[in-house]
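**Student:** Below are the sequence and a predicted model; questions follow.
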Amino acid sequence: MKLQRSLTLSLMAWAMGALLVVWGSFVVLGYQTGIHEADELTDGHLASVALLQLAQNPRPVGALGNAASLPGLSSLKSHDYQRSMSVMVWNAAGQMLLRTGEAPEFAFNAQEGFETLQLGAPPVAWRAFSRWDGPNRQKKVTVLLSISERDNLAHDIAEQVAEPGFWLLPVVALALGLAIRRGLRPLYALARDVDALDIHQPAPLRSPHLQREFTAVVNSINTLAARYQAAVSRERELASELAHELRTPLASLTLQAHALRETTTGPAHDALLVQLERDALRAGQVLSNLLALARASRTELVEAMQSVDLDLIARAEVAEFGQAALDSGHELALTSPGPFVIPGHPVLLGLVLRNLIENALSHTPAGTSIEVQLDPQARWLQVCDTAVHNAEQPGTPAVSASHHHSLGLGSGHRVVEKIAAIHNARFEEALAPTGFSRCYRVVFRESSALA
């Protein structure tokens with residue numbers, strides 16, 4: 001099983017990654033800056049020593065000797081920033097007037113400024129600065145510093161600049177982690193409230209989630225809970241109605257079968273067989289409607305709508321029921337001006353027409369005219385019949401707009417209602433046109449039209 005990722009750990013990882021990149025960039029930049037500034041510092045020191053030496057009077061060669069050997073000065077070398085500088089002084093003729101320090105002697109030249117010299121055997125790099133005493137060029141001073149000492153000083157300064165960053169990084173990371181965890185506390189609270197929702201009786205989230213980012217999520221969850229509760233209530237009501245509707249023909253089947261077993265021959269026997277057949281057909285119709293409702297619910301959840309031509313569906317359904325209408329003595333017809341295209345589920349829309357036609361055939365007497373009518377402009381389809389409907393006429397139960405869930409007819413209309421709702425449509429009993437006595441209509445709203 002794949003492990004679930006933690007939002008907190010993910011945020012911490014991304015934040016720490018970004019922090020390390022930025023922090024590392026600053027550390028590298030600080031280190032490089034420290035080395036550069038140390039080089040500038042030592043070059044400035046060389047120039048300063050040269051100017052100080054030019055301001056002094058020259059002495060004989062070797063008069064001062066090595067500065068490191070002077071009494072009282074050896075302890076200064078132990079200071080972090082004390083460098084061993086060498087000084088050489090020449091006159092205009094190239095004769096050395098003064099040499100002090102550890103730098104090896106090298107040939108005189110008239111150049112001025114900074115340069116890097118390879119001196120000694122084996123050669124060692126020295127950073128040198130040369131300067132004449134003025135336009136007359138009577139005295140030249142060269143101050144030298146070992147490149148290794150210069151680099152040691154540069155690295156020491158750079159490390160001092162970069163080191164605080166490494167000490168502060170864990171502290172900043174800890175503070176950042178605590179801040180992220182504290183900032184996600186409302187999300188943890190929302191997760192607990194969602195987890196505490198009762199799926200059987202979902203209640204709206206009432207905890208104070210004041211963050212603006214959570215408003216849409218909380219509203220969506222509350223809307224979903226309300227819709228789920230409404231759907232569950234409708235399904236329970238429908239299940240109760242269908243269970244009651246199915247219980248009646250099943251009980252009748254049991255009674256008729258028991259009576260049939262005790263009756264041998266005669267008119268009573270034939271009447272029992274007819275009633276037994278009617279009850280079986282009635283129970284089969286209820287079961288068929290139950291399967292249609294289950295199919296409609298599944299289609300609503302897992303299948304996407306597509307472009308559907310109701311004219312083609314109506315023609316197919318009317319043709320399928322043609323023989324059944326002929327056998328029952330009904331006249332079945334279709335009135336349609338042409339294509340009627342909407343987005344929908346073709347199987348479910350076929351169920352709508354099938355249920356309406358079946359109800360019309362089952363609950364009207366022989367000789368009744370039944371007509372399927374489509375109007376693409378007004379965006380409706382309807383099934384009308386010419387039968388006279390009253391409570392006293394045998395075989396034609398009274399059905400009205402306010403009570404079309406009656407025994408035997410209601411389950412089929414509940415199927416039509418549910419499929420109409422899936423298609424953002426409305427199912428209703430409409431005013432019958434001239435020549436017809438009753439019409440059931442499905443009206444498709446404009447919002448369900450194709451763009």
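**Tutor:** Cool, got the structure.
**Student:** Run through the strands of the stretch 101-250 of the chain in chain order.
**Tutor:** Per DSSP state E, counting those that start in this stretch, the stretch 101-250 of the chain carries strands over the ranges 113-119, 124-132, 139-146.
**Student:** orientation of whichever strand or helix holds S10 relative to strand 124-132 in degrees?
**Tutor:** Using DSSP states H and E, S10 falls within helix 7-54. On the basis of axes from the mean of the first three to the mean of the last three CA atoms, to 10 degrees, helix 7-54 is oriented at 50 degrees to strand 124-132.
**Student:** The nearest residue to R438 once chain neighbours are set aside and L361: what is the separation?
**Tutor:** Nearest residue to R438, sequence neighbours excluded (CB to CB, 6 or more residues apart in numbering): A432, at 5.5 Å. C-betas here are computed from N, CA, C, even on glycine. A432 sits at a distance of 17 Å from L361 (criterion: CB to CB, to the nearest Å).
**Student:** One more: S369?
**Tutor:** 12 Å.
**Student:** Next: V89.
**Tutor:** Relative to L361, and taking CB to CB, V89 is found at 127 Å.
**Student:** Of these two, which one has the most company?
**Tutor:** V89 (23 against 19; other CB atoms under 10 Å).
**Student:** Pick the most deeply packed of the strands of the stretch 101-250 of the chain.
**Tutor:** Scoring the strands of the stretch 101-250 of the chain by mean neighbour count under mean count of other CB atoms under 10 Å gives strand 139-146 as the most buried, with a mean of 23.
**Student:** That one to strand 124-132, inter-axis angle?
**Tutor:** Using the same axes, to 10 degrees: strand 139-146 against strand 124-132 is 160 degrees.
**Student:** and F129, bridged to which residues?
**Tutor:** Listed beta-bridge partners, F129: F114, V143 (assigned using DSSP bridges).
**Student:** OK, contacts around it?
**Tutor:** Shown in contact with F129 (CB atoms under 8 Å, 6 or more residues apart in numbering): 43, 46-47, 50, 113-114, 142-143.
**Student:** between the residues you listed, which is closest to D151?
**Tutor:** Minimum distance to D151 across these is 13.1 Å, recorded for D43 (CB to CB).
**Student:** Spell out which residues sit in contact with that closest one, please.
**Tutor:** Contacts of D43 by CB under 8 Å, 6+ apart are 114, 127, 129.
**Student:** And R185, by the same measure?
**Tutor:** No contacts exist for R185 under CB under 8 Å, 6+ apart.
**Student:** Same question for R127.
**Tutor:** With contact set as CB under 8 Å, 6+ apart, R127 has these partners: 42-43, 46, 114, 116, 144-147, 150.
**Student:** Which two among those residues are spaced furthest apart?
**Tutor:** It's F114 and S146 that sit farthest apart of those, by CB to CB, at 14.8 Å.
**Student:** returning to that earlier point: TSV please, covering the strands of the stretch 101-250 of the chain and showing distance to A333 and mean pLDDT.
**Tutor:** Output for those, formatted as TSV (distance: least, CB to CB, whole Å; pLDDT from 0 to 100):
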stretch	distance to A333	mean pLDDT
strand 113-119	108	82
strand 124-132	109	83
strand 139-146	112	84
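**Student:** Let me have those in JSON lines, adding distance to V217 as columns.
**Tutor:** Below are the strands of the stretch 101-250 of the chain laid out as JSON lines (distance: least, CB to CB, whole Å):
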{"stretch": "strand 113-119", "distance to V217": "67"}
{"stretch": "strand 124-132", "distance to V217": "66"}
{"stretch": "strand 139-146", "distance to V217": "67"}
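**Student:** model confidence over the longest helix along the chain, on average?
**Tutor:** Across the chain, the longest stretch assigned as helix under DSSP state H is helix 212-262. Averaging pLDDT along helix 212-262 gives 72.
**Student:** Would you agree G350 is in contact with E320?
**Tutor:** No - with contact defined as CB atoms under 8 Å, G350 does not reach E320; the gap is 9.3 Å.
**Student:** quick one: which of these two has more around it?
**Tutor:** More neighbours surround G350 than the other of G350 and E320, with 18 against 13 (other CB under 10 Å).
**Student:** before we move on, the earlier item: list residues touching both of S369 and L361?
**Tutor:** With CB under 8 Å, 6+ apart, S369 and L361 have common neighbours H330.
**Student:** On the C-terminal side of the lowest-mean-pLDDT helix or strand in the chain, identify the next helix or strand.
**Tutor:** When each helix and strand of the chain is scored by mean pLDDT, DSSP states H and E, helix 267-302 comes last, with a mean of 68. For helix 267-302, the following helix or strand on the C-terminal side (DSSP H and E) is strand 306-309.
**Student:** gap between whatever helix or strand comes next after that following strand and the chain center?
**Tutor:** Next along the chain after strand 306-309, taking DSSP H and E as the criterion, comes helix 310-320. Helix 310-320 sits 43 Å away from the centroid of its parent chain (CA atoms, centre = their mean, to the nearest Å).
**Student:** Going by neighbour count, which residues of helix 310-320 are buried?
**Tutor:** 310-311, 313-314, 317-318 (16 or more other CB atoms under 10 Å).
**Student:** roughly how far is whichever helix or strand comes after that helix from the heart of the chain?
**Tutor:** Per DSSP H and E, helix 310-320 leads on to helix 322-328 as the next helix or strand towards the C-terminus. Put simply, helix 322-328 sits 55 Å off its chain's centre (CA atoms, centre = their mean).
**Student:** Need the residues that contact helix 322-328.
**Tutor:** 331-332, 361, 366, 370.
**Student:** In strands, which of those fall?
**Tutor:** Among the contacts of helix 322-328, the ones falling in strands (DSSP state E) are 331-332, 370.
**Student:** export those residues to JSON lines and tack on pLDDT?
**Tutor:** Shown next, in JSON lines, are those (pLDDT from 0 to 100):
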{"residue": "E331", "pLDDT": "94"}
{"residue": "L332", "pLDDT": "94"}
{"residue": "I370", "pLDDT": "95"}
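**Student:** Now do P365 against N359, distance only.
**Tutor:** Taking CB to CB, one finds P365 at 14 Å from N359.
**Student:** So between the two, which is more surrounded?
**Tutor:** Neighbours per residue (other CB under 10 Å) separate P365 from N359, with N359 holding more: 24 against 14.
**Student:** Got the confidence number for the more buried one?
**Tutor:** If you check N359, the pLDDT there is 87.
**Student:** what angle separates the helix or strand containing it from helix 310-320?
**Tutor:** Counting by DSSP H and E, the element that carries N359 is helix 346-362. Helix 346-362 runs at 40 degrees relative to helix 310-320, counting by the same axes, to 10 degrees.
**Student:** what does stretch 162-172 contact?
**Tutor:** Contacts of stretch 162-172 (CB under 8 Å, 6+ apart): 19-20, 23, 26-27, 30-31, 34.
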